[in-house]
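**Student:** what's the 3D shape of this:
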Amino acid sequence: MKYITTIEDKEYRVEIVDEKHIRINDQLLEVDLVAVGGQPVYSLLISGKSYEAYIYPEEKEWQVLLRGQQYKAVVEDEREKRLKTAGGARAESGEFHLKAPMPGLVVSVPVEEGQSVKKGQVLVILESMKMQNELKSPRDGTVHRIRVRAGESVEQRQTLLSVT
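**Tutor:** Sure, this is the predicted structure:
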């Protein structure tokens, strides 16, 4: 799984090698990330060094407080970034298919078919690498078809539900 992460106008290529290893640009690192007590606080071990990180997801970016510094991080799937750069932006009308940004376990689906949703409303909570990720609606609409249930494992890019 490869991502492009942009922090302060600098891009980093991030590859998740396995549950304990990531590669940032050309550097392989051993990592362990654990959520602390249901808060947006994470214990992070990188190559044996311990860090505490506060991570807050926002609509288009992540706010990360690490070692007293706050960073805005934009994380994009490598393939999606290439498509976006090539002009493959998503349409704001028609059917939107929410796809899993990474493989993981569906923790919950707090919406029902036929339910109206607002932009930014949580549609699916997906757990991956010990982190729970809230997948939100990119626009107002109606939940058209739910294709997953809580407890199901999903693959990256698998369609989870549709919004019209």
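
**Student:** Need phi/psi at the closest residue to Lys72 other than its chain neighbours.
**Tutor:** Nearest non-adjacent residue to Lys72, counting by C-beta to C-beta, 6 or more residues apart in numbering: Glu61, 5.1 Å away. C-betas here are computed from N, CA, C, even on glycine. Dihedral pair for Glu61: phi -150, psi 180, per degrees, to the nearest 10.

**Student:** Do a quick rundown of the helices in this structure.
**Tutor:** With DSSP state H as the criterion, the chain has helices at 78-85.

**Student:** Show the low-confidence segments of it, by residue range.
**Tutor:** For the chain, applying pLDDT under 70 flags the ranges 80-93.

**Student:** mind giving me the domain ranges of it?
**Tutor:** By the assignment in automatic domain parsing, the chain contains the domains 2-79, 92-163.

**Student:** Give the full set of residues in contact with the residue nearest to Lys72.
**Tutor:** Lys72, Ala73, Val74, Val75 (C-beta atoms under 8 Å, 6 or more residues apart in numbering).

**Student:** same check, this time on Gly114
**Tutor:** Contacts for Gly114 (C-beta under 8 Å, 6+ apart) come out as Thr142, Val143.
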